[in-house]
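**Student:** What follows is a predicted structure for the sequence shown.
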Amino acid sequence: MDTGFIIEKFILVAVIFGISLVIAMYSTYAERKVAAFLQDRLGPDRAGPFGILQPLADGVKMFMKEEIIPTTSNRWLFIVGPGLALLCACIGTAVIPWGTPVLIAGKTISLQVTDINVGVLYIFGVVSLGVYGVMIGGWASNNKYSLLSAIRAASQNISYEIAMGLSIIALLLMTNTLSLKEIVAQQHGLNWNVWYQPLGFIIFMVCSFAETNRAPFDLPECETELIGGYHTEYSSMKLGFYLFAEYINMFVSSAVMAALYWGGYNYPGMDYVATHLGPTWAPLIGTGVFFLKIVLFIFFFMWVRWTIPRFRYDQLMNLGWKGLIPLAIANIIITGVVIAIIEKF
């Protein structure tokens, strides 16, 4: 294998990993600022101008806090849990196409780490593995509240993964591919999938809230019932890993929604831009548009968190099994019938 190709992919992985961590870090700052805006407060304003150094202060605080491992816990699993949660959150970015190939110094560089023909299945596999970090951490803590939280997280993820998978099937009927690169390429200009699959998108988005344990689906971390949930016994950077994993999951979920339904790096007038700016700057503008869509989705995640109260657990399960799954199945049937009629006539 070409050494230059390996170095190129290694650099791309490092850049995406770094961007993921920076976005996760500043999502904590954005969360506080959005909450402050919605509640008519100022939010963080002490560390640096407008409080922009607050995430750095939080990081230093996490590293400096005392490391406590409960004596009755399963020590090895207690340490593995947060690491597994963060790892599964990060590896989901591998199959996302961040832009069209860009020309740098006469060499065409792909802005996707790997284009596997089952990219959508890979994303679902990674999402399914993510819950193990929560389950292992909750069980290894040897704390009844943490264990209850881990059980809740597992049942919630299983319930909403079914609806999420079914919502995607209707999209795959239209695109005839599991490759994220091809799905995004088919949405050229303003030909986005959300215009054809609005119900599928809404179901997928609701399930994304549940999969990332964001309010109003944050039952595994419900402080009024479970203290701190699965990370009650965690401190220092082990706790930081769990918090980072949540925000990276939010970033990856936003990227997947933008890629599958909102055109990814595609935008109106992209052909005009490509003609006038050439193969170096035009793809970078497309990547900028993709990240703008991701930022808007992250803002929406935060907006919902500070607007809608938390569900009861029975309401959460009813919505998943009695609401979203039947809707997703109906969406598949309607999509199949429409495609059959179009192909027939």
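**Tutor:** Cool, the structure landed. Nothing here was measured: the structure is a model prediction, and the numbers come from that model. Residues are numbered from 1 along each chain as shown.

**Student:** Which helix or which strand is home to the spatially closest residue to residue 336 that is not a sequence neighbour?
**Tutor:** In this structure, residue 336 finds its nearest non-sequential neighbour in residue 173, 6.0 Å apart by Cβ to Cβ, 6 or more residues apart in numbering. C-betas here are computed from N, CA, C, even on glycine. According to DSSP states H and E, residue 173 maps onto helix 144-175.

**Student:** contacting residues around the next helix or strand after that helix?
**Tutor:** Next helix or strand after helix 144-175 toward the C-terminus (DSSP H and E): helix 180-185. For helix 180-185, contacts defined as Cβ atoms under 8 Å, 6 or more residues apart in numbering pick out 95-97, 112, 115, 119-120, 123, 171, 175, 177, 193, 259-260, 263-266.

**Student:** Just the buried positions in helix 180-185, please.
**Tutor:** 180, 181, 183, 184, 185 (16 or more other Cβ atoms under 10 Å).

**Student:** If we go by neighbour counts, what in the helix holding residue 173 is buried?
**Tutor:** In helix 144-175, the ones that count as buried by 16+ other Cβ under 10 Å are 145-150, 152-157, 159-168, 170-171, 173-175.

**Student:** same thing with stretch 216-223?
**Tutor:** Buried residues in stretch 216-223 (16+ other Cβ under 10 Å): 216, 217, 218, 219, 220, 221, 222.

**Student:** Need these in a markdown table (columns: distance to residue 304).
**Tutor:** Listed next are the buried residues of stretch 216-223 as a markdown table, based on distance: Cβ to Cβ, whole Å:
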| residue | distance to residue 304 |
| --- | --- |
| 216 | 7 |
| 217 | 10 |
| 218 | 11 |
| 219 | 15 |
| 220 | 17 |
| 221 | 16 |
| 222 | 16 |
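
**Student:** And the helices in the chain?
**Tutor:** 3-38, 54-64, 75-91, 119-140, 144-175, 180-185, 198-211, 223-226, 236-261, 270-305, 313-318, 325-344 (DSSP state H).

**Student:** Need those in TSV (columns: mean pLDDT and distance to residue 45).
**Tutor:** Compiled in TSV, the helices of the chain are given as follows (pLDDT from 0 to 100; distance: least, Cβ to Cβ, whole Å):
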stretch	mean pLDDT	distance to residue 45
helix 3-38	91	9
helix 54-64	89	9
helix 75-91	90	29
helix 119-140	88	33
helix 144-175	90	33
helix 180-185	94	39
helix 198-211	94	29
helix 223-226	68	25
helix 236-261	92	21
helix 270-305	93	18
helix 313-318	90	36
helix 325-344	94	43
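
**Student:** quick one: residue 129 from residue 90, how far?
**Tutor:** Applying Cβ to Cβ, to the nearest Å, the value for residue 129 to residue 90 is 12 Å.

**Student:** give the contact list for the closest residue to residue 172 other than its chain neighbours.
**Tutor:** The shortest distance from residue 172 to any non-neighbouring residue, by Cβ to Cβ, 6+ apart, is to residue 178 (6.7 Å). Residues in contact with residue 178 (Cβ under 8 Å, 6+ apart) are 117, 118, 119, 120, 121, 172.

**Student:** Mind doing that once more with 6 Å?
**Tutor:** Going by Cβ atoms under 6 Å, 6 or more residues apart in numbering, residue 178 touches 118, 120, 121.
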